[in-house]
Structures are given as structure tokens and as C-alpha cells.
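Trainee: What follows is a predicted structure for the sequence shown.
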Amino acid sequence: MAIRNKNRVLNNFHMSGMTDIVFLLLIFFMLTSTLIAPNAVKLLMPSPGRTPVTVETSVPTVTVYSNSRITVDGVTIQFDNLGTILEAKLAGQVEPTVKVVTSPQVSVEDAVRVMNIAAERNYTVVIKLL
């Protein structure tokens with residue numbers, strides 16, 4: 001008398017269900033990745049080979065030093081007053097531009113604070129290293 005197993009092992013596997021799930025996940029991640037807005041400051045970088053643009057004298061220069069000290073056109077000011085000073089200096093200009101001068105020793109936080117103040121007022125920022 002031969003004892004037979006009631007459960008049969010099948011050698012084939014259907015991948016159609018798995019491919020449907022993979023395609024649905026792919027579509028989901030593609031749609032959700034387009035909805036993510038990066039929190040970054042838009043920078044206009046010069047292309048190589050361009051001639052340097054001469055900076056007008058009406059462009060205020062904001063210099064950021066490593067000890068969290070900033071100056072506007074050589075006058076030391078507080079971070080809290082930077083927005084109002086820039087508004088006063090750039091009042092009436094069609095394309096207001098701010099020149100930010102930093103050094104590699106300056107903390108990124110201080111430089112970004114200055115750029116955020118300019119970005120809130122829709123000023124174009126030009127960055128220069130010391």
C-alpha cells in the first residue's frame with residue numbers, strides 16, 4: 001500500500017501579480033517624488049567662459065565675517081536690522097541686487113540667514129568669496 005501525499009508541489013510560479021504590484025509602486029513613487037518641493041535658495045551661477053560683469057556702485061555689499069558679524073558697505077550692523085537697511089538702499093530699483101561677500105571660515109548658517117533675508121524680498125544675490 002503506497003502512502004500518497006495529498007498536497008502536490010507545483011513547479012511553476014505566476015509572476016503576473018508581482019509585476020502588477022511593482023508597477024503600481026513605481027507609479028506611486030514617481031508621482032510623489034514630483035510633489036516634493038526642495039527647500040533651497042535659487043542661485044544663478046555664471047557659466048564658464050563668460051566675461052565678468054562689472055558691479056554697479058548702487059549694489060550694496062553685505063560682508064559676513066566668521067564671528068557672526070556683518071557689515072553693509074563697511075558699516076557694522078545687527079542681523080535684525082539687515083532687512084530694513086537693504087530695503088532703504090534698494091528702494092526704487094527695478095532689479096534689486098545684493099552682493100554677499102563671505103569667507104570659507106564663515107558658518108553656513110550666517111551666510112544662509114543673509115541670503116534668506118534677500119530672498120524674502122525677491123532680491124538677486126551675488127556671492128563672492130574673500
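Mentor: Noted; the coordinates are in hand. Residues are numbered from 1 along each chain as shown.
Trainee: State the mean pLDDT of stretch 118-126.
Mentor: Average pLDDT, stretch 118-126: 89.
Trainee: Restricting to C-alpha, output it in PDB.
Mentor: Only the C-alpha atoms of stretch 118-126 are listed here, as PDB (Å, rounded to 0.1, in the frame of the first residue of the first chain):
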ATOM      1  CA  ALA A 118      17.400  88.800   0.500                       C
ATOM      2  CA  ALA A 119      15.200  86.000  -0.900                       C
ATOM      3  CA  GLU A 120      12.200  87.100   1.200                       C
ATOM      4  CA  ARG A 121      12.400  90.500  -0.500                       C
ATOM      5  CA  ASN A 122      13.000  89.000  -4.000                       C
ATOM      6  CA  TYR A 123      16.500  90.400  -4.300                       C
ATOM      7  CA  THR A 124      19.000  88.900  -6.600                       C
ATOM      8  CA  VAL A 125      22.000  87.600  -4.600                       C
ATOM      9  CA  VAL A 126      25.600  87.600  -6.000                       C
END
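Trainee: List the buried residues in that stretch.
Mentor: Along stretch 118-126, these residues count as buried under the neighbour rule (16 or more other CB atoms under 10 Å): 118, 123, 125, 126. No exception for glycine: its C-beta is placed from N, CA and C like everyone else's.
Trainee: In helices, which of these fall?
Mentor: Assigned to helices by DSSP state H, the following of the buried residues of stretch 118-126 qualify: residue 118.
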